[in-house]
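J.: sequence? don't have it. structure:
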């Protein structure tokens, strides 16, 4: 019986030795992987990463700021004003001296906002004059705040 126990103990020692050797090899492999990953880590500044879908038409102003500036321009004028006057009062851009692309973007954004405000009844719109004028630039739609009829 002692002989059987010694044989089983010998087998268990061999298994223990192979398991310990396997553990040591696995630890060495994991340490090698850690060193390799540390070599390939690249510090990334998150601020420099651009959006996946770039915003083609960036906001002209923060949310709500455009409407507040439009109302302010109308309150200061007090009467009918053209879209170009609104652009000049709201953005400070002048058609002759501003960058053409920037001016077109501002004009488009303001035109859309003025139309929406007129459609909702917050602005009045007077279409351009029907008679022919010497310059096409004089044929502009005029805008104003609604007048109280009471």
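T.: On my side now, so go ahead. Since the structure is predicted, the reported quantities are computational estimates derived from the model, not experimental observations. Numbers count the residues shown, from 1 in each chain.

J.: need the strands for this protein, in chain order.
T.: Listed in chain order, the strands of the chain (DSSP state E) span 81-82, 124-126, 142-144.

J.: of all those strands, which lies closest to residue 67?
T.: strand 142-144 (13.4 Å; C-beta to C-beta). To be clear about C-beta, it is placed using only N, CA and C from the backbone, and glycine gets the same treatment.

J.: what distance separates the closest one from the centre of its chain?
T.: 32 Å (C-alpha atoms, centre = their mean, to the nearest Å).

J.: mind listing what's buried in that strand?
T.: 142-143 (16 or more other C-beta atoms under 10 Å).

J.: what do you get for stretch 104-122?
T.: Buried, per 16+ other C-beta under 10 Å, within stretch 104-122: 105-107, 109-110, 113-114, 117.

J.: now do that stretch: everything it contacts.
T.: By C-beta atoms under 8 Å, 6 or more residues apart in numbering, the surrounding residues in contact with stretch 104-122 are 57, 60, 66-67, 70, 83, 86-87, 90-91, 93, 98, 123-125, 143, 145-146.
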